[in-house]
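*Asks:* missing the sequence, but the structure's below:
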C-alpha cells in the first residue's frame, strides 16, 4: 500500500514543479524589458552625430568625401581634466556618399564602380586597415573655452587630447563652435592630419599621376547632451557667454 502513496506524492510534486515553471515563464514573458537609461550630461547622440573627411586630390585624381559614425562618445564642456572620449567606428566610414559630398561642398556624384574602388583602397591595409584597426579614439583631456572668441559667432571651445588612428597616437587640439538649436548642444569643429603621420600610405597609381593628398581634413557635427542649467559652463556657453 505504500507504493501507490509514494507514486501519488511524486506525481503531485511534479505537477507542482510544472505549474511553478509555467508561472515563472509566463511572468518572464509578461515582465517589460528594462527601460534604456536616459542620456547623461555630456553623452553624444550617436544616431544624429556625423564625422566627415575631405580627401584632396593629387595629379589627375579626384577630391573625395567620406562620412562615418561614432561608436561611443562623451564630451564635458568646461572640464579641465578627463573631459571625455570619442570612439570612431572606422568600419562605418563610407567614401563618396551623396550626403558626404553635399556636407563638404563637393559637386556631382561618384559612380558606383569608382565608389567601390575608392572604398576598397580606403579601408584596405595601406590606409585605414579596418580589419586590424576597427576603431579610432580621441581621448579628451580638457574642453575649455578658447581665449580668443569671434565676434558674432557661437562660443568656441578647444578640445585638447590624444587622437589615436591606425594604432598611432598624436596630440591634437580641435576648436569647436557650440550652439543649442534645441534640446541638445551642437558642436561643429575641424582639424587636419597627415596620413603619413599615422603610418598610412596615401593612395597613388601610375607613378603618382593619379592619387590623393597626404593631408586629411576631418570635420565633426556632433550633438551632445547639455548639463542641467546652473551646473555647468557649457550651458552658459550655448547661450552665448563662454566660461573661463
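*Replies:* Everything's here; your move. As the structure is a computational prediction, the values presented were derived from the model and not from experiment.
*Asks:* could you pull up the residues touching residue 90?
*Replies:* Residues in contact with residue 90, defined by C-beta atoms under 8 Å, 6 or more residues apart in numbering, are 68, 123, 128, 130, 133, 134, 135, 136. The C-beta positions use only the backbone N, C-alpha and C, and glycine is treated the same way.
*Asks:* which among those end up buried?
*Replies:* Burial by neighbour count, judged by 16 or more other C-beta atoms under 10 Å, picks out 68, 123, 128, 130, 133, 136 from the contacts of residue 90.
*Asks:* nearest to residue 185 among those residues?
*Replies:* residue 68 (20.6 Å; C-beta to C-beta).
*Asks:* chain neighbours aside, what residue packs nearest to the closest one?
*Replies:* Once flanking residues are discounted, residue 68 sits nearest to residue 93: 3.6 Å by C-beta to C-beta, 6 or more residues apart in numbering.
*Asks:* hmm, the one you found is touching residue 128, no?
*Replies:* Yes - Residue 93 is in contact with residue 128 according to C-beta atoms under 8 Å; the separation is 7.1 Å.
*Asks:* who touches both of the two?
*Replies:* Joint contacts of residue 93 and residue 128 (C-beta under 8 Å, 6+ apart) are residue 122.
*Asks:* hang on, the earlier thing: can you report how many residues lie near the residue nearest to residue 68?
*Replies:* Residue 93: 21 surrounding residues under other C-beta atoms under 10 Å.
*Asks:* what residues are up against the residue nearest the centre of the chain?
*Replies:* Nearest to the mean C-alpha position of the chain, counting by C-alpha atoms, centre = their mean, stands residue 70 at 1.4 Å. For residue 70, the contact set (C-beta under 8 Å, 6+ apart) comprises 44, 46, 49, 51, 86, 87, 88, 89, 222.
*Asks:* what about 7 Å?
*Replies:* 44, 46, 49, 51, 86, 87, 88, 89 (C-beta atoms under 7 Å, 6 or more residues apart in numbering).
*Asks:* low-scoring stretches of this structure, by residue?
*Replies:* The chain contains residues with pLDDT under 70 at 1-36, 206-210, 229-244.
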